[in-house]
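# curious how this folds, go ahead:
(chains A and B)
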Amino acid sequence: MKQSPSIHLNEVVVEAAAASLQQLSEQARSLKYAVVITDDGFELAHWPTSKSASNTMASMVSSIQALSEAVARELAMGNSKYVVLAVDEGQMVQLRVQGHHIVVGAVFDALENLGVALRLSTMAAESLGSAIPTDLELVTGEDR
Amino acid sequence: MLIAGPMGSGKTTAVQSLSEIPVVSTEAHNNDRAQADKLTTTVALDYGEITLSPEHKLRMYGVPGQRRFSFMWKILQERAEGLLLLVHNDAPDPVPTVLEYLEDFQDLIQRGAVAIGVTRMELLPRPTIPMYVEALRAAYPNITIPVFSVDAREAGQLQKVLVALVAAVEATAMVGAANEGARR
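Here you go, the predicted structure:
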């Protein structure tokens, strides 16, 4: 497999990430903000592109993902499928792009149905996963 | 207790060396190999425990080293009482780095205690421990901040630092209690 220590600098992956977020925004008018990040908190893409990148959002999504996966691991509950943070102003959904060191995080407004938010976020992650070249380094069993 | 410091200073190794329980870790694939040439990096926390006595347990939280995760430093220091700041001596400008990191833990330094652990001195002996002490005295004339040379892989060395840190935390608490009593 091709080694990709800096996946956030890979133009193909960055373009695929931006495209998946654009697609998500077209499917969900309730989308307020979304990011695609590496496991260690580097941003690949964000939406809306008119806004400047939020490094804090990228880092927080990274930490939350790692904590959720650590909790699942410590409780021997298998793999973490997604994380939902429900607050007064809306909900944040985040999930791993299966098989990759990449996470999608999406913030929806309070009017959005949680099931819809989960389904659309999952579709975005799956779409991105299928667009990433298969010869890029994948998450291995040793990693996770 | 928090264990903080720049990426590659040995924080995760220190928690693993000291902890009596299997460490809860949040390691992620490291995409910044220029900063530190290692496969993974901590992105939320490392958690470990040490039993100090039948009634007392020390909970250790290793925090991420990169500044982009400084929100975790802020969250975790709210309930911490001591800070072990590790810095690797072969890092660029390690003494200014220590002072820079301490800036982010002012609240904890003022109400608790801090110790500095300098790692990898066997690879680069300078700056020396007295150089760190001098810089810390200049920056914090009213606070005693001990500086130790440590190997993050050696539990025995780290335990000596912890003993000093725990004693300093208790001393700070006693002074605080005495001042509170005097005010009443």
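# tell me the residues of chain B that contact chain A?
Neighbours of chain A within chain B, by CB under 8 Å from any CB of the partner chain: B:24-33, B:40-41, B:43-45, B:64, B:66, B:68-69, B:71-72. No exception for glycine: its C-beta is placed from N, CA and C like everyone else's.
# tell me what the lengthiest helix in chain A is packed against?
Using DSSP state H to define each element, chain A has its longest helix at helix A:55-74. Here helix A:55-74 touches strand A:31-38, strand A:43-47, strand A:83-87, strand A:90-96, strand A:102-109, strand B:27-29, helix B:70-77, going by 3 or more CB pairs under 8 Å, 6 or more residues apart in numbering or on different chains; DSSP states H and E.
# mind redoing it with 6 Å?
strand A:31-38, strand A:102-109 (3 or more CB pairs under 6 Å, 6 or more residues apart in numbering or on different chains; DSSP states H and E).
# hmm, who's touching that helix?
A:35, A:37, A:41, A:43, A:80, A:83, A:94, A:103, A:105, B:24, B:26, B:28, B:43-44, B:68-69, B:72 (CB atoms under 6 Å, 6 or more residues apart in numbering or on different chains).
# possible to save the helices and strands packed on helix A:55-74 as TSV with distance to residue B:110 and mean pLDDT?
What follows is the helices and strands packed on helix A:55-74, written out as TSV (distance: least, CB to CB, whole Å; pLDDT from 0 to 100):
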stretch	distance to residue B:110	mean pLDDT
strand A:31-38	34	96
strand A:102-109	35	97
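# top helix in chain B by residue count?
Using DSSP H, we find that the single longest helix of chain B is helix B:155-183.
# buried sites along it?
The neighbour-count check on helix B:155-183 (16 or more other CB atoms under 10 Å in any protein chain shown) flags B:157-158, B:161-162, B:164-166, B:168-169, B:172 as buried.
# returning to that earlier point: figure out which of the helices and strands packed on helix A:55-74 is closest to residue B:109.
Closest to residue B:109 of these, according to CB to CB: strand A:31-38, at 31.5 Å.
# partner strands of the closest one, with direction?
strand A:43-47 (antiparallel), strand A:102-109 (antiparallel) (DSSP bridges).
# where's residue A:76, which helix or strand?
Using DSSP states H and E, residue A:76 sits within no helix or strand.
# neighbours around it, how many?
6 (other CB atoms under 10 Å in any protein chain shown).
# quick one, phi psi at it?
Per-residue torsions, residue A:76: phi 50, psi 50 (degrees, to the nearest 10).
# please apply the same query to the one 3 residues further on.
With angles defined as degrees, to the nearest 10, residue A:79 shows backbone torsions of phi -80, psi 150.
# ok, it - how many residues close by?
Neighbours around residue A:79, by other CB under 10 Å: 10.
# which residue is the nearest non-sequential neighbour of it?
Nearest residue to residue A:79, sequence neighbours excluded (CB to CB, 6 or more residues apart in numbering or on different chains): residue A:72, at 6.5 Å.
# what comes up buried for stretch B:119-133?
B:119-121, B:127, B:129, B:132.
# could I get those in a markdown table, plus columns for pLDDT, secondary structure and distance to residue B:17?
Converted to a markdown table, the buried residues of stretch B:119-133 look like this (pLDDT from 0 to 100; DSSP: H, G, I helix; E, B strand; the rest coil; distance: CB to CB, whole Å):
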| residue | pLDDT | secondary structure | distance to residue B:17 |
| --- | --- | --- | --- |
| B:119 | 97 | strand | 11 |
| B:120 | 96 | coil | 15 |
| B:121 | 95 | coil | 17 |
| B:127 | 97 | coil | 24 |
| B:129 | 97 | helix | 21 |
| B:132 | 98 | helix | 22 |
